[in-house]
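In: Provided below are the primary sequence and the corresponding predicted coordinates.
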Amino acid sequence: MKKQERLRTSLSEEIEEMLNEQVMKEAKSSFNYLAMSAWCERRGFVNSAKFFEIQSDEERQHMKRIFNYISSVGGTAITPSVGKIQQEFESFRSVFEIGLDQEIEITRSISRIVDKCSELKDYTTANFLNWFLGEQVEEEAIARRCLEIFDIVDQQGLGFLMIDREIALVRDQAQPPADA
């Protein structure tokens, strides 16, 4: 006999487990970006520090959105434990490379959940997750643009200052106009 709680939700146990795992990944991503922000701040890259702080806030919002969805459909949302977060990085560029890798992994993870939703005919959750897939296209594009800046600008001396200044513009350039 199924647990009484399972009878009160259309969310399958498998999808609920995957969503809770995604909550943890989003939380870890948020804390990773916060560590990257602190690393940049310590080195005087104030625009990049702000960039990663904003990224951290967005990942936390994503985590909360999934967490709240699980609860709203009668599932059991689990408060995540993220484990140890990397605090030191090899180089200024490596921080952005890690950020891009992280965004790609988040995209793949959400895609796996959507695939499972399709398999289990959970179209409600798949529809909910479509917003995240669109968001990930933007996040990956922003991360790639940041790395392009490293490829364009000399990575010595004043070049780092130029890179940091350009990073401040990346998010603004990726955002559509407010009235679009």
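Out: That came through fine.

In: per-residue confidence averaged over stretch 162-180?
Out: Mean pLDDT, computed over stretch 162-180, is 66.

In: Check stretch 64-76 too.
Out: What stretch 64-76 shows for mean pLDDT is 95.

In: quick one: buried residues of that stretch?
Out: By 16 or more other CB atoms under 10 Å, the buried positions in stretch 64-76 come out as Ile66, Phe67, Tyr69, Ile70, Val73, Gly75. C-betas here are computed from N, CA, C, even on glycine.

In: where does the protein have low pLDDT?
Out: Along the chain, the parts satisfying pLDDT under 70 run over 1-8, 154-158, 171-180.

In: So which of the buried residues of stretch 64-76 are in helices?
Out: Assigned to helices by DSSP state H, the following of the buried residues of stretch 64-76 qualify: Ile66, Phe67, Tyr69, Ile70.

In: Quick one: residues contacting the last one.
Out: Right, the one you point to is Ile70. Going by CB atoms under 8 Å, 6 or more residues apart in numbering, Ile70 touches Leu11, Glu16, Leu19, Asn20, Val23, Thr76, Ala77.

In: do the third one as well
Out: Under the criterion of CB under 8 Å, 6+ apart, the contact list for Tyr69 reads Leu19, Thr125, Phe128.

In: Quick check: closest non-adjacent residue to the first one.
Out: Nearest in space to Leu19, with sequence neighbours left out and distances taken as CB to CB, 6 or more residues apart in numbering, is Ile70 at 5.3 Å.

In: Surely Leu133 and Ile110 touch.
Out: Yes: assessed by CB atoms under 8 Å, Leu133 is found in contact with Ile110 at 5.9 Å.

In: Out of these two, name the residue with the larger neighbour count.
Out: Between Leu133 and Ile110, Ile110 has the larger neighbour count (other CB atoms under 10 Å), namely 24 against 14.

In: Give me the distance between the more buried one and Thr125.
Out: 11 Å (CB to CB, to the nearest Å).

In: Ile163 contacts Val153, correct?
Out: Yes: between Ile163 and Val153 there is a contact under CB under 8 Å: 5.1 Å.

In: Between those two, which is the more surrounded one?
Out: Ranked by neighbour count (other CB under 10 Å), Ile163 and Val153 place Ile163 first, with 22 against 17.

In: so which helix or strand takes in that one?
Out: If you go by DSSP states H and E, Ile163 is part of helix 158-174.

In: contact partners of that helix?
Out: Residues outside helix 158-174 that contact it (CB under 8 Å, 6+ apart): 40, 45-48, 50-51, 54, 92, 138, 141-142, 145-146, 149-150, 153-155.

In: Next, the contact list for Arg43, please.
Out: Counting by CB under 8 Å, 6+ apart, Arg43 has contacts Phe92.

In: That should have said Asn47, apologies.
Out: Counted by CB under 8 Å, 6+ apart, Asn47 has contacts Asp164, Arg165, Ile167, Ala168.
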